[in-house]
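**Q** return a 3D structure for these sequence lines:
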Amino acid sequence: MHGSSPLSRRAALGLAAAAIPLAAATPAHASTVVGGARLAHDGIQGTGLPKKLTAAAWLVADCDSGEVLASYNAHKRLAPASTLKMLFADTVLKRFDRTERYQVTDADLADIPAGSSLVGVKPGITYTVEQLWQGVFLRSGNDAVHVLAHMNGGVAKTVAQMQAKAEDLQALDTHVVSPDGFDHKGQLSSAYDLTLFARHGLKNADFREYCHLKTANFPAGGKKTFQIQNTDRLLTGAWGVKTYDGLIGVKNGYTSHAGNTFTGAATRGGRTLLVTVMHPKSGYNAVYEETAALLDWGFDRAGSAEAVGTLVEPLSEGGTKVKPTGKAAQAAAGAPGAADETPSTWRLLEGAAGTVALLAGGAWALRRRRAAAAEAGGKGRT
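**A** Below you'll find the predicted structure:
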């Protein structure tokens with residue numbers, strides 16, 4: 001069992017930034033330069049794409065080379081729903097051995113948002129870490145997420161670590177408010193960032209195994225278990241969706257505010273492609289159908305498609321730090337005439353009453369540009 005540890009000053013400030021009222025924190029769009037100039041533009045990048053695509057944003061990339069083969073609104077900030085759990089796994093998965101056992105308490109489940117998707121974790125039952133991760137990946141269980149977060153030192157600490165991980169991955173569109181992806185004000189990501197999370201996660205054997213697993217037996221107390229099924233319809237073929245040949249995983253999500261989101265990975269002919277689809281306009285199966293269409297396009301084009309951008313490497317793995325330029329740099333610094341209003345001072349929430357103290361420091365605003373939130377979240381399941 002792992003106890004809580006005091007937050008660093010930087011982590012505490014990061015959490016305070018997460019709670020800034022939206023009216024005082026609009027996005028700077030500095031992240032639009034990440035991955036190349038073409039990805040900074042709205043609209044379709046690439047040629048010969050499927051005609052019937054309704055998603056608000058999508059991206060196709062080669063997992064091995066990191067080449068972005070096509071995209072639409074790659075850096076558009078949208079509510080991610082449970083696809084954000086990929087970042088949670090990227091952050092926490094290596095911190096515990098899968099055989100470690102943990103007895104769940106009432107406190108571990110006390111802060112789960114009402115209306116969350118649940119796998120069925122119960123206080124008083126002892127679970128292995130492997131079983132908890134199966135609950136996260138297969139059933140998108142926010143109860144399993146919160147137990148793992150409490151094992152990791154608490155939800156606040158985990159959120160701060162996730163934000164730091166996003167920054168290391170150079171996922172600068174992402175602003176983390178909760179570890180589970182549930183709708184919260186300012187919880188945002190992008191098709192580009194979600195693809196970064198999936199690519200990084202698939203390097204880990206446990207991540208790869210969990211996201212590919214179709215069913216598992218989950219503890220019900222005593223010696224009893226019940227079966228859980230993966231909610232990824234491209235993997236299981238549920239609800240009339242045709243399974244996709246060569247699919248690895250990765251993660252789907254849904255909330256009433258985010259709509260449907262999905263990042264999928266598939267391998268054919270020795271090549272692995274990643275596709276992220278966010279917020280299609282039509283029914284629930286559309287997120288899978290549009291993912292399959294984009295995967296088909298990518299495999300059909302094989303090595304002939306000209307790259308429109310690239311998935312950057314993590315800073316901790318030798319990646320070159322991306323610096324905003326032009327209008328993006330002005331917006332990040334809060335310069336006059338910037339496209340979006342950016343706070344020129346940083347804000348720290350003080351005390352239980354959440355009093356906002358305004359402190360000078362424009363340089364801090366530059367460092368925290370990607371933590372700004374663009375829109376309010378709604379209620380729903382993720």
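**Q** for the closest residue to residue 200 other than its chain neighbours, give me its contacts.
**A** The shortest distance from residue 200 to any non-neighbouring residue, by CB to CB, 6 or more residues apart in numbering, is to residue 90 (5.3 Å). Where you see a C-beta, it was placed from the backbone N, CA and C, and this is true even at glycine. Residues near residue 90 by CB atoms under 8 Å, 6 or more residues apart in numbering: 165, 169, 197, 200, 201, 207.
**Q** how about the first one, nearest residue that isn't a chain neighbour?
**A** Of all residues beyond its chain neighbours, the one nearest residue 165 is residue 91 (4.4 Å), with distances taken as CB to CB, 6+ apart.
**Q** what's the spacing between the one you found and residue 282?
**A** Using CB to CB, to the nearest Å, residue 91 is found at 33 Å from residue 282.
**Q** looking at the two, which has the bigger crowd around it?
**A** Neighbours were counted for residue 91 and for residue 282 using other CB atoms under 10 Å; residue 91 has more, 25 against 13.
**Q** now that one: which helix or strand?
**A** helix 85-92 (DSSP states H and E).
**Q** pLDDT on that helix, on average?
**A** For helix 85-92, mean pLDDT rounds to 98.
**Q** CA atoms only for that helix, dumped as CSV, please.
**A** This file holds the C-alpha atoms of helix 85-92, laid out as CSV (Å, rounded to 0.1, in the frame of the first residue of the first chain):
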residue,chain,number,x,y,z
LYS,A,85,-7.0,7.2,-19.6
MET,A,86,-4.1,6.5,-22.0
LEU,A,87,-2.2,9.3,-20.4
PHE,A,88,-3.2,8.0,-17.0
ALA,A,89,-1.6,4.7,-17.9
ASP,A,90,1.5,6.3,-19.4
THR,A,91,1.9,8.1,-16.1
VAL,A,92,1.1,5.4,-13.5
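**Q** just the ones in strands from the contacts of residue 90, please.
**A** Of the contacts of residue 90, none are assigned to strands by DSSP state E.
**Q** out of these, which is most surrounded?
**A** The most crowded member of these, judged by other CB under 10 Å, is residue 197 (29 neighbours).
**Q** correct me if wrong: that one contacts residue 85.
**A** No - taking contacts as CB atoms under 8 Å, residue 197 lies outside contact range of residue 85: 9.1 Å.
**Q** pLDDT weak spots in the stretch 1-150 of the chain?
**A** Low-confidence segments of the stretch 1-150 of the chain (pLDDT under 70): 1-32.
**Q** please repeat the previous calculation with a cut-off of 80.
**A** Low-confidence regions of the stretch 1-150 of the chain, defined by pLDDT under 80, span residues 1-33.
**Q** ranges for the strands of it?
**A** Taking DSSP state E, counting those that start in this stretch, the strands of the stretch 1-150 of the chain run over residues 44-45, 57-62, 67-72, 101-103, 126-128.
**Q** having no further points to raise, I will conclude here.
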